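>>> Pasting the sequence and the predicted coordinates here, then a few questions.
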Amino acid sequence: MSDAVTSGIPLPPNLRLIQGGVTAPHGFRAGSTYAGIKTDANTKDMALLVADTPCVAAATFTTSRTPAAPVLLDKEHLAATGFRAQAVVVNSANANCSTGPQGYADAVRTAELVGEKLGIAPNLVMVSSTGIIGRPLPMDKIARGVAQLEVSPTGGEAFSNAIITTDTRVKLTAVEFQLDGKTVRLGGTTKGAGMIYPNMATMLCYVTTDAAVDPEFLRETLRTAVADSFNMVCVDGDMSTNDTVLCLANGLAGNVPTSAGTADGNRFASALAYVTQYLAREMARDGEGATKLMTVLVRGAASDADARRAARAVTASPLWQCAVAGGDANWGRILAALGASGAALDQDRLAIGINGVKLVERGQAAEYDPAAAKRAMAETGIDVEIDLDQGPYQATAWGCDLTHGYIDENTTYFR
């Protein structure tokens, strides 16, 4: 599967889509292997991403109070290295969460094994795990997998394939643009289809760039990008224990380090926003059991926080998700979700439309053709537009329908 060339997210004019995912930028290599963690020997379950040189790093992690061992270790590694990293090792099918002191020791040992293999300090290795909670990490298989892992400059898609769990397809993209007169690249990949709800979700995301970037600017730009992408996705309203978004910048493009308040800084931020929003939208599209992608645009909010609250409330409403699954234009469920969201609103000023069909004006049913509404709800892409008429702020959130396929997936997952 090659990188998607269309995304539904507007491509800024200064960007050009390219192939390669996380290995599209120069100086990154990746690969995958089957270590035996998954039961299907035809699927890969370990992946490795390596930079030719230590990178400036930025990351965000789950806000869950039950974080997995790799999350704890990665935070320590970033603090110890001054936010530098050179490699990422990922295993799927086992979350290494709620595994006690041994689970933490296993994460440490995994980093040591990769460090020994690459000849780098273990604290330059970031460790990620995704899968079932509560099972000890099979370290014999992890050690075998690390020994087997080989990386190449064309291994981006192999890396993406190995990190997925219940995903039905890989999610990766990359762009090329100019900074300081130099051609730079930025690529990314993510996994996640269930246990998806802000802040972040059951998701792992890795972004690489060969741009030189000021460390503080990279951290701030990543926080902003995550707030507008992964923190605006909902599949089922559940938060994960392992969420990680990691961005690595190796500087091999040779540009003057990009910083805040400059034209180049704006270009870099635009590229990072595009990549993260593309990946976030693809996660919603690939939600467990999903048949429809839901995009919720809230305009006219009194504040940025209100716009986000309102948009996220609609994507997180099980009642509305079921209506989307059944093709039912029951806008009352949207109205109820908005009223419970905590956003400032006046019911008599609300407007709601779906795929261009206006259903609500001034808080009451608009005159619309029921057949047109039914056709709109039958589409595989459901665009909900809401105007709160309270102010100048707006936000977009992504979600999906809730089908019996979600139940099927989550009644057999632990076997």
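Received it, and whenever you're ready, just let me know what you need.

>>> C-alpha only now, for contacts and for neighbours.
Fine.

>>> So Glu176 sits against Leu186, correct?
Yes: if you go by Cα atoms under 8 Å, Glu176 and Leu186 touch, sitting 6.5 Å apart.

>>> Please identify which of the two sits among more neighbours.
Neighbour totals were compared for Glu176 and Leu186, and Leu186 leads with 30 against 20 (other Cα atoms under 10 Å).

>>> Tell me where the chain has helices.
In the chain, the helices defined using DSSP state H lie at 69-81, 100-118, 139-148, 156-163, 215-227, 263-285, 304-315, 318-326, 331-340, 370-377, 404-410.

>>> Compile those into CSV and extend it with columns for mean pLDDT and distance to Phe61.
CSV is the format used below for these (pLDDT from 0 to 100; distance: least, Cα to Cα, whole Å):
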stretch, mean pLDDT, distance to Phe61
helix 69-81, 97, 7
helix 100-118, 98, 16
helix 139-148, 98, 23
helix 156-163, 95, 17
helix 215-227, 96, 10
helix 263-285, 94, 15
helix 304-315, 96, 19
helix 318-326, 94, 26
helix 331-340, 96, 28
helix 370-377, 95, 35
helix 404-410, 70, 24
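
>>> Out of these, which gets nearest to Asp387?
helix 304-315 (9.8 Å; Cα to Cα).

>>> Which strands and helices lie in contact with the closest one?
strand 293-301, helix 331-340, strand 393-400 (3 or more Cα pairs under 8 Å, 6 or more residues apart in numbering; DSSP states H and E).

>>> Tell me how far Asp74 lies from Val22.
19 Å (Cα to Cα, to the nearest Å).

>>> Which one of the two is surrounded by more residues?
Using other Cα under 10 Å as the criterion, Asp74 and Val22 rank with Val22 on top: 32 against 26.

>>> Could you double-check that the more buried one sits in contact with Thr190?
No: judged on Cα under 8 Å, Val22 makes no contact with Thr190 at a distance of 10.0 Å.

>>> what sits in contact with each of these two?
Common neighbours of Val22 and Thr190 (criterion: Cα atoms under 8 Å, 6 or more residues apart in numbering): Leu172, Tyr206.

>>> Show me the one of the helices and strands packed on helix 304-315 that comes nearest Asn96.
strand 393-400 (27.4 Å).

>>> Counting neighbours, what do you get for the closest residue to His26 other than its chain neighbours?
Closest residue to His26 apart from its sequence neighbours, by Cα to Cα, 6 or more residues apart in numbering: Asp210 at 5.8 Å. Asp210 is flanked by 26 other residues according to other Cα under 10 Å.

>>> For Asp210, report the pLDDT, please.
Predicted confidence (pLDDT) at Asp210: the value is 98.

>>> what residues are up against it?
So Asp210 contacts Pro25, His26, Gly27, Val184, Arg185, Leu186, Ala249, Asn250, Gly251, Leu252, Ala253 (Cα under 8 Å, 6+ apart).

>>> ok, back up a step: want to throw the helices and strands packed on helix 304-315 into a markdown table with distance to Thr221?
As requested, those are exported to a markdown table (distance: least, Cα to Cα, whole Å):
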| stretch | distance to Thr221 |
| --- | --- |
| strand 293-301 | 23 |
| helix 331-340 | 29 |
| strand 393-400 | 18 |
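
>>> tell me the most buried of these?
strand 393-400 (a mean of 26; mean count of other Cα atoms under 10 Å).

>>> Now do that one against helix 263-285, angle only.
Calculated by axes from the mean of the first three to the mean of the last three Cα atoms, to 10 degrees, strand 393-400 forms an angle of 40 degrees with helix 263-285.

>>> What lies in contact with strand 393-400?
228-229, 232-235, 280-281, 284-285, 287, 290-304, 307-308, 311-312, 315-316, 321, 324.

>>> Now that strand - C-alpha only, PDB.
The C-alpha coordinates for strand 393-400 follow below in PDB (Å, rounded to 0.1, in the frame of the first residue of the first chain):
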ATOM      1  CA  TYR A 393     -14.000  30.700  17.000                       C
ATOM      2  CA  GLN A 394     -14.200  27.400  15.200                       C
ATOM      3  CA  ALA A 395     -12.800  23.900  15.500                       C
ATOM      4  CA  THR A 396     -13.000  20.600  13.700                       C
ATOM      5  CA  ALA A 397     -13.200  17.100  15.200                       C
ATOM      6  CA  TRP A 398     -13.200  13.700  13.500                       C
ATOM      7  CA  GLY A 399     -15.100  10.600  14.500                       C
ATOM      8  CA  CYS A 400     -17.000   7.600  13.000                       C
END
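
>>> ok, Thr411 - how many residues close by?
9.

>>> what's the distance between it and Thr39?
For Thr411, the distance to Thr39 - Cα to Cα - is 18 Å.

>>> Same check on Glu385?
43 Å.
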